[in-house]
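Predicted structure and sequence below. I'll ask about it afterward.
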Amino acid sequence: MSRKVTDNVVEPRVAETRHVKTIIVGSGFAGLGLAIRLRQEGRDDFLVLERGSEVGGTWRDNTYPGAACDVPSHLYSYSFALNPDWTRSFSKQGEIQGYIKGVAERYDVLDRHIFDCDVQSIRWNDADAQWEIGSTKGNFTADTVVSAVGALCEPSLPDIKGINDFEGEIFHSARWNHDADLTGKRVAVIGTGASSIQIVPAIASKVATLDVYQRTAPWLLPRSDRPYLLPERLAFKHIPGAQRLSRAAIYAIRETQVVGLTRFPVLMKAFEAISRAKLQIEIRDPELRKKVTPNYRIGCKRMLISNEYYPALDRDNVDVVTDGIAEVKAGSIATLDGTEREIDALIVATGFHVTDSPVYETVVGRDGRSLSEVFDEVGQQAYKGSAIENFPNMFFLVGPNVGLGHTSMVFMIESQINYVASALATIDAKGLHTVEVRKDVQQAYNRDLQDKLAKTVWNTGGCASWYMDKHGNNTTLWPDFTFRFRSLTRQFDVDAYNVTTAGASRADDQKVVAQ
């Protein structure tokens, strides 16, 4: 702490607190996209606080072997910054991260970022009607805070006896240790989700043995991935509208899945037939095939795409273990059937804290309760995935029930950016001091959401998934066509909010809303 000298007495100087109009927390696709919108609209009084050393979020952090996107390249990008230089139909991690960094540079928003800045607390000060933010790079206050942290940022570690006692290499898939050489090693992978099905084929031929610990078998569909031909790339770059036409076609095809996922789950049997045929062709061993055949309706858990996972499992040095793990020891894993398998390295591919993120504990609202406490009591819910009662002047990007199981999250992110940008413009235009979504509006919105979700394959497909919270509600996914969410978030609906204006009475505040 710096000091000042007065009459030969050394006194501590209180660290300065920096005030900005808007603070954005996180700079993945969501936070970066909002930063670009604010700069485009001439709103330069904002900062982006990012705990990493550069933009990118998920695509900066997940650098494991085989990391790639399961949404076609032309759809997995900002609508205002199409990339004609994608090299293949499904982009790999490095290419996506390069795209994000390039967009940040092109739209000149890096000067509004503070990197390596871990936000430790966000607390509402009701007396001053502003947010107080504590971080590893100092303290801040802001009129408005936008959380763009994202759902897939906090790795979830399994609660397994002895896992902290393992003496070999151990790391989560989202924190890959590139200094660890797995060549010729006995390796175990815990988990069979989206990361695991990319990691397993990437390392299977390098390791001595590979044990894949499976709790629930995933449904796999073919991955129609291929390099783009030179004529295609030239067309995307030089023929007006070619790339947008390709993007629109991909979007339309993906939206057709909504009918089966949310309206008529029986239609998912067509996808199931494709997956079963794939399983029959790619795995020769009948016993192994039986092990990896799912026992729930396709779509209930996230549908995965891979042409390499099943052949990797069929290798002689790979074993799929379906017995539950009893204990991790210093150099082995013991399963409930009494078998002990020796290993040199352990890769934990068990996903993320989605409905119970530790980030929620750091955000404290108007009544002194944290987001974690609020969600613990009523479940994870928001209004349009963007605002939560008790947290005035705060908006969320990729909030509750905004996730997707079939198409690009960037579409939903841009929809929310529209909403938040409209909210900030409304606050300025009407001279609003605070805006807080009404409790009755939030409750009605979420009742309608849960009614719709009750009919979906995610709720009726016979599986347990990370989509559900501890209250038994699906608080992760959007249960409708994405263009309907775009319509809902096109403009900020101030009448759904309680508002205050500086020095005005409650009656005057309601007049402001009506204007």
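Okay, I see it.

all helices of the stretch 351-500 of the chain, in order?
Taking DSSP state H, counting those that start in this stretch, the helices of the stretch 351-500 of the chain run over residues 371-378, 409-430, 439-453, 457-460, 482-488.

Distance to residue 263 and mean pLDDT added to those, as CSV?
Where you see a C-beta, it was placed from the backbone N, CA and C, and this is true even at glycine. Conversion of those to CSV gives the following (distance: least, C-beta to C-beta, whole Å; pLDDT from 0 to 100):
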stretch, distance to residue 263, mean pLDDT
helix 371-378, 28, 92
helix 409-430, 19, 98
helix 439-453, 10, 97
helix 457-460, 10, 94
helix 482-488, 13, 98
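
Let me have those in JSON lines, adding mean neighbour count and distance to residue 179 as columns.
Output for these, formatted as JSON lines (neighbours: other C-beta atoms under 10 Å; distance: least, C-beta to C-beta, whole Å):
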{"stretch": "helix 371-378", "mean neighbour count": "18", "distance to residue 179": "34"}
{"stretch": "helix 409-430", "mean neighbour count": "20", "distance to residue 179": "31"}
{"stretch": "helix 439-453", "mean neighbour count": "16", "distance to residue 179": "43"}
{"stretch": "helix 457-460", "mean neighbour count": "21", "distance to residue 179": "39"}
{"stretch": "helix 482-488", "mean neighbour count": "16", "distance to residue 179": "41"}
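
Can you report how many residues lie near residue 138?
14 (other C-beta atoms under 10 Å).

I'd like to know which of the helices of the stretch 351-500 of the chain is closest to residue 333.
helix 457-460 (31.1 Å; C-beta to C-beta).

Compute the distance from the centre of that closest one to the centre of its chain.
Its chain's C-alpha centre and that of helix 457-460 lie 21 Å apart, by C-alpha atoms, centre = their mean, to the nearest Å.

Over to stretch 233-245?
30 Å.

Let me know the average pLDDT across that stretch.
Mean pLDDT, stretch 233-245: 96.

distance between the ends of that stretch?
14 Å (C-alpha to C-alpha, to the nearest Å).

coming back round to it: would you format the helices of the stretch 351-500 of the chain as JSON lines with distance to residue 171 included?
Compiled in JSON lines, the helices of the stretch 351-500 of the chain are given as follows (distance: least, C-beta to C-beta, whole Å):
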{"stretch": "helix 371-378", "distance to residue 171": "26"}
{"stretch": "helix 409-430", "distance to residue 171": "26"}
{"stretch": "helix 439-453", "distance to residue 171": "35"}
{"stretch": "helix 457-460", "distance to residue 171": "30"}
{"stretch": "helix 482-488", "distance to residue 171": "35"}
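
Residue 267: which of those is closest?
helix 457-460 (9.2 Å).

elements contacting that closest one?
Applying 3 or more C-beta pairs under 8 Å, 6 or more residues apart in numbering; DSSP states H and E, we find helix 457-460 packed against no helix or strand.

And for that helix, what's in contact with it?
Contact with helix 457-460 is made by 260-262, 265, 268, 297-300, 405, 453-454, 465, 467, 474, 477, 479, as judged by C-beta atoms under 8 Å, 6 or more residues apart in numbering.

Could I get the CA-only coordinates of it as PDB?
Backbone C-alpha positions of helix 457-460 (Å, rounded to 0.1, in the frame of the first residue of the first chain) are rendered in PDB as follows:
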ATOM      1  CA  VAL A 457     -36.600 -34.600 -24.600                       C
ATOM      2  CA  TRP A 458     -34.300 -33.100 -22.000                       C
ATOM      3  CA  ASN A 459     -36.900 -33.600 -19.300                       C
ATOM      4  CA  THR A 460     -38.600 -36.800 -20.600                       C
END
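
number of nearby residues for residue 81?
So residue 81, with other C-beta under 10 Å, has 14 neighbours.

my bad, residue 209
There are 19 residues near residue 209, going by other C-beta under 10 Å.

quick one: secondary structure of residue 207?
Per DSSP: H, G, I helix; E, B strand; the rest coil, the secondary structure class of residue 207 is coil.

measure it to residue 186 for me?
Distance of residue 207 to residue 186, computed by C-beta to C-beta, to the nearest Å: 7 Å.

what do you get for residue 166?
In terms of C-beta to C-beta, residue 166 sits 13 Å off from residue 186.

Over to residue 163?
17 Å.

just checking, residue 158 touches residue 349?
No - with contact defined as C-beta atoms under 8 Å, residue 158 does not count as touching residue 349 (10.0 Å).

Neighbour count for those two, which is higher?
Taking neighbours as other C-beta under 10 Å, residue 158 and residue 349 compare with residue 349 leading, 23 against 15.

Distance-wise, check that one relative to residue 258.
From residue 349 over to residue 258 (counting by C-beta to C-beta), the distance is 28 Å.

same thing with residue 407?
9 Å.

same check, this time on residue 68
24 Å.

same deal with residue 472?
Residue 472 is 23 Å from residue 258, by C-beta to C-beta.

Which of those two has more residues huddled nearby?
residue 258 (21 against 10).

So the more buried one, which state does it fall into?
Applying three-state DSSP: residue 258 is helix.

From residue 324, how far out is residue 330?
20 Å.

Of all the residues in stretch 302-322, which ones are buried?
By neighbour count with 16 or more other C-beta atoms under 10 Å, stretch 302-322 contains the buried residues 302-306, 308-314, 318-322.

any chance you could map the strands in the stretch 151-300 of the chain?
Under the criterion DSSP state E, counting those that start in this stretch, the stretch 151-300 of the chain contains strands at 169-172, 186-190, 209-213, 220-221.

nearest to residue 341, of those?
Going by C-beta to C-beta, the one of the strands of the stretch 151-300 of the chain nearest residue 341 is strand 209-213, 5.6 Å.

can you give me the offset of that closest one from its chain's centre?
27 Å.

do stretch 449-466 as well
Stretch 449-466 sits 19 Å away from the centroid of its parent chain (C-alpha atoms, centre = their mean).

got the end-to-end distance for it?
Counting by C-alpha to C-alpha, you get 17 Å between the two ends of stretch 449-466.
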